[in-house]
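# please work out how this folds:
(2 chains)
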Amino acid sequence: MPEVTVPIGPHHPALKEPVNFKVIADGEKIVRLELDLSYNHRGIEKAAEQRDFIRVLPLLERVCGICSHSHSTVFAKGIEEIMQLEVPLRGQYIRTIIAELERMHSHLLWLGVAAHEIGFNTLFMWSWRDRELVQDTLEEMSGNRVHYGMNEVGGVRCDLTPNQVRAALDRLPHLEDRIARYVEMVNDQQTMLLRFKGVGKLTREEVLNYGAVGPTARASGVDYDVRRDDPYLVYGDIPWNVVTDTNCDVYGRTCVRIGELRESASIVRYCLENLPEGPVRANTPKTAPAGEIFSRYEAPRGELAHFIRTNGTNKVERVDIRTPTLANWTSVAMSLVNQNLADIPVIVAAIDPCLSCTSRITLVSSPGGTPGIITFDELRKRGQTRYRGCGP
Amino acid sequence: MMGVLPAIVYIFLFPGFVFLVMYALFFEFLDRKVTARMQNRAGPPLVQPFADVIKMLGKEVIDIDGVDRQVFDAAPVVALAAVMTAFLYLPVFGLSPFGFQGDLILVLYLLTIPTVILFILGWLSRNIFSSIGGVRVITQMFIYEVPFFLALLTPALMAGTWSVSEIVLWQQQNLWFMFLQPIGFIVALICLQAKLERPPFDIPEAETEIVAGPWTELTGRRLALMQLVKDVSLVTGCALIAAVFLGGPVLPWAVSPAWLGNIAGFCLFVMKTLVVLLVLSSIKVATGRIRIDQLNSIGWKYIASASLLQVAIVLIINYRWVSS
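Residues are numbered from 1 along each chain as shown, chains lettered A, B, ... in the order given. Next comes the predicted model:
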């Protein structure tokens, strides 16, 4: 076949969120690709500047539907640091429990999606069924399945009752059984090995060059985890290990995530069993002193960073969100070249992309490179001009 | 031979058109239900495939700009006719009345037509996903067709006949080919799965890669008919394996009166095709989708070699024992 352009997205069965690849393929081989992001700009950063700290947390939680706790924790952590506030230990333990449960449900979800991308729907159904156990635990603890709303500046919203702790501990053995089963499956299942091994190679140097984070980086032997290297919550005090792998491909990324599932389960178990007594929330002032903070957090997908600037009021002056997906995109675009057309979905899925969290707009004038501000009307006009030529 | 009226009943009512369509849709239901239960889902109700086909038959047919409408309308009908004709030569409740020396070749040939039609549909669609899917269909066909033919012709070699009915009779007197030629049996099952484009060989319609492949631009009754082709191919494939490898719908001893033997034969047919379907569904559940280049290397390296090995074994056996 001659070179063809295969449009993938913004609407495509492999994608759950809008993004557009123009894949130029020679038969089944990818020659190069053009990437078009930002179909779903929601203006959350701007909205965050107009709410006080109490009301900004629920908003930031809605940046992402999967790592909702990550976004509120990283923000609360930053503000607490500016306020020089000590969060009670019990509150920190509860935050850690929720964070690790969130990592488990995110990784189980990813495992299902990755299996679905290679047409292995059985694993997709199974891992999503087992994910329900985690979701049930989260719902019992917080009242919600997705946006837990557990965080407040200075601690957590509600305490865990002994019954909730017992119910969560009761669910863990079954969950650990299932995780062990998936470890087996990933290593034995022939079609998965065929489709995952040697696909989407990224060497350690490439990962460092393109700044990939999270499981993507750890699968290429980069031993970096914010939880250990810049400890927050109680990660510095409890026993756990950073999972790395040296396969450098989709198989390696699967191994890292499955290993993290195991680690998370043991962290949750440890925290539940060693939950200290005491209050869950400190008394917080309404306003924060002026300051700047760069708050980091290891979300399920990788390092998440919030830059926060306060100005002495009860609102932030600026909050800038860098999601792990944004850091991982370049590495995807690079690892796709020279791969098979059939491998696009699984390579893209391997970074666990969360596209709508990633959309940012920065206006940079092309010769000078100076950032500027654009009004909504002008933005809309530009969008219309751009897409008028693309239609049927 | 049979009279005109029984022949018409055979072709149009039982076990031809009407029964075949019903049985095929029932097969689709069973396939989906078994898959769903294995995947811990509820699965569709019994009437779902029937309702789907009826609904799609009534939906609007959308014509693609600049595509020959008549070819697009005719292609699914030709494919359906081909697989339904193939079914007439397979034993259902006793031997097929239309059987002749060489009908095995005819059945294999007719079963290939839907694949070619699918390629034509994909290529004509003027849609990049369909074109890639069409190319994949034809690439895949060249991989599985050779071992599939070899695996199904080896029983013919051993039985010394090219007729499905006589192969069935040979097994009645001797032993099922499933036991005599286990390698060929496994190769035939794998290739049938590839022919029906079911996981792990659903490469041409990989939904996460190329939307629906050649199916992308099919709408309304074209889609309904192609769905029917898929289901009838499934039944015909299962019936072919049941006849050639599992002894077909005949009891190992003579039964009188004849109608009782026919009923028993029909029950055997249903049982054996269901067993084959269960095996195919299990393969579907237990695997992901492999890539076309991987299928190419696996197909030619292992599956084709295995079928050739089976042929060689049969030739040696024939030379040593049967001919002397």
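
# up against chain A, what does the stretch 201-324 of chain B have?
Within reach of chain A by Cβ under 8 Å from any Cβ of the partner chain, the stretch 201-324 of chain B has these residues: B:202-203, B:206-211, B:285-294. Where you see a C-beta, it was placed from the backbone N, CA and C, and this is true even at glycine.

# just the buried members of those?
B:202-203, B:206-211, B:285, B:287-292, B:294 (16 or more other Cβ atoms under 10 Å in any protein chain shown).

# now do residue A:1, the pLDDT please.
pLDDT, residue A:1: 57.

# my error: substitute residue A:362 in the last question.
69.

# hmm, back to that, which ones among the buried ones among the residues of the stretch 201-324 of chain B next to chain A map onto helices?
B:207-210, B:285, B:292, B:294 (DSSP state H).

# out of the residues you listed, which one sits closest to chain A?
The closest of those to chain A turns out to be residue B:208 (Cβ to the nearest Cβ; 4.0 Å).

# tell me the contacts of the closest one?
A:13-14, A:116-119, A:345 (Cβ atoms under 8 Å, 6 or more residues apart in numbering or on different chains).

# ok, 7 Å please
Contact analysis of residue B:208 by Cβ atoms under 7 Å, 6 or more residues apart in numbering or on different chains lists A:13-14, A:116-117, A:345.

# of the residues you listed, which ones also sit close to chain B?
Under the cut-off given by Cβ under 7 Å from any Cβ of the partner chain, chain B has A:13-14, A:116-117, A:345 from those close to it.

# out of the residues you listed, which is most surrounded?
residue A:117 (27 neighbours; other Cβ atoms under 10 Å in any protein chain shown).

# just give the closest residue to that one, not the sequence neighbours.
In space, and not counting its chain neighbours, residue A:117 is closest to residue A:345: 4.0 Å by Cβ to Cβ, 6 or more residues apart in numbering or on different chains.

# does any part of stretch B:60-77 sit near chain A?
No: judged by Cβ under 7 Å from any Cβ, stretch B:60-77 stays clear of chain A, getting no closer than 9.7 Å.

# C-alpha coordinates for that stretch, PDB please?
Below are the C-alpha coordinates for stretch B:60-77, written out as PDB (Å, rounded to 0.1, in the frame of the first residue of the first chain):
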ATOM      1  CA  GLU B  60     -32.000   3.400   6.700                       C
ATOM      2  CA  VAL B  61     -29.400   2.400   4.200                       C
ATOM      3  CA  ILE B  62     -26.800   5.200   3.800                       C
ATOM      4  CA  ASP B  63     -25.100   5.300   0.400                       C
ATOM      5  CA  ILE B  64     -21.500   6.400   0.200                       C
ATOM      6  CA  ASP B  65     -20.700   9.200  -2.200                       C
ATOM      7  CA  GLY B  66     -19.300   7.800  -5.500                       C
ATOM      8  CA  VAL B  67     -19.700   4.200  -4.700                       C
ATOM      9  CA  ASP B  68     -21.600   1.800  -6.900                       C
ATOM     10  CA  ARG B  69     -24.800   1.300  -5.000                       C
ATOM     11  CA  GLN B  70     -25.800  -1.900  -6.800                       C
ATOM     12  CA  VAL B  71     -22.500  -3.700  -6.000                       C
ATOM     13  CA  PHE B  72     -22.800  -2.600  -2.400                       C
ATOM     14  CA  ASP B  73     -26.300  -4.000  -2.200                       C
ATOM     15  CA  ALA B  74     -25.500  -7.200  -4.100                       C
ATOM     16  CA  ALA B  75     -22.300  -8.200  -2.200                       C
ATOM     17  CA  PRO B  76     -23.900  -9.200   1.100                       C
ATOM     18  CA  VAL B  77     -26.600 -11.200  -0.800                       C
END
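
# show residues contacting it.
So stretch B:60-77 is contacted by B:117, B:120-121, B:124-126, B:217, B:219-222, B:225-226, B:229 (Cβ under 7 Å, 6+ apart).

# so which bits of stretch A:112-126 are buried?
Across stretch A:112-126, burial judged by 16+ other Cβ under 10 Å covers A:112-126.

# and of the residues you listed, the nearest to residue A:353?
Taking Cβ to Cβ as the measure, residue A:353 lies nearest residue A:113 of these, at 9.8 Å.

# give me the element the closest one is part of.
For residue A:113, the host element (DSSP states H and E) is helix A:89-117.

# grab the nearest non-local neighbour of the residue nearest the centre of chain A.
Chain A has residue A:301 as the residue nearest its centroid, 3.6 Å off, counting by Cα atoms, centre = their mean. For residue A:301, ignoring the flanking residues on the chain, the nearest one in space by Cβ to Cβ, 6+ apart is residue A:324 at 4.0 Å.
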